[in-house]
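> can you look at this prediction? I've put the sequence above it.
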Amino acid sequence: MILHFNYEELTALRAGAEVFLEGGETGGGGVLAPSEERDHVEALLPLLDGDVSLPTLRDVYAVQTAVGAITSMLRAEMESSVLMAHPAGERAVAAYFDFAHVFTVSHRLREMASEMEALIELVTGEPPTVETARSFQFPD
């Protein structure tokens, strides 16, 4: 399956991933990321130059983990920007849009995972397992 992005989503994801890998929020006081999240964000970053093919549910779960970590970091940055200045301040508005674009991707990933889980269950008669999440292939 293909995860489609628009330009704004790719830009926000790339910037968010880079900030995440540098240690967290851009507002200072960064927090060390858990290694699994960090590994998934590192793996996602080079793919962020266009649409991404996700042939297995395991691949979707990995991207979901990365995007979830970026979304959480961008949400914290947005909240911090609003509180440090004014809700309509330029930095707060930019932080909102970065968060909103990545949050939208996160929502699409949840829908994609749900559809893939349902198809695996329909075909195998059982909920997805670690093995079927790894081996069941979805065409682009």
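Received it, and whenever you're ready, just let me know what you need.
> all contacts plus neighbour counts: C-alpha atoms, from now on.
Noted.
> buried set for the top helix by length along the chain?
Ordering each helix of the chain by length in residues (DSSP state H) puts helix 90-124 first. For helix 90-124, a neighbour-count test (16 or more other CA atoms under 10 Å) marks 91-93, 95-103, 105-106, 109, 112-113, 116-120 as buried.
> contacting residues for Leu45?
Remark: with contacts taken as CA atoms under 8 Å, 6 or more residues apart in numbering, Leu45 is in contact with Arg14, Ala17, Glu18.
> Arg110 now?
Under the criterion of CA under 8 Å, 6+ apart, the contact partners of Arg110 comprise Gln64.
> show me the shaky parts of the protein.
In the prediction, the chain carries residues with pLDDT under 70 at positions 24-33.
> how much space separates the residue nearest to the spatial centre of it from Glu37?
In the chain, the centroid-proximal residue (CA atoms, centre = their mean) is Val67; its distance is 1.3 Å. The gap separating Val67 from Glu37 is 9 Å, by CA to CA, to the nearest Å.
> any shared contact partners between those two?
Common contacts of Val67 and Glu37 (CA under 8 Å, 6+ apart): none found.
> got the buried residues for stretch 15-24?
Gly16, Ala17, Glu18, Val19, Phe20, Leu21, Gly23, Gly24.
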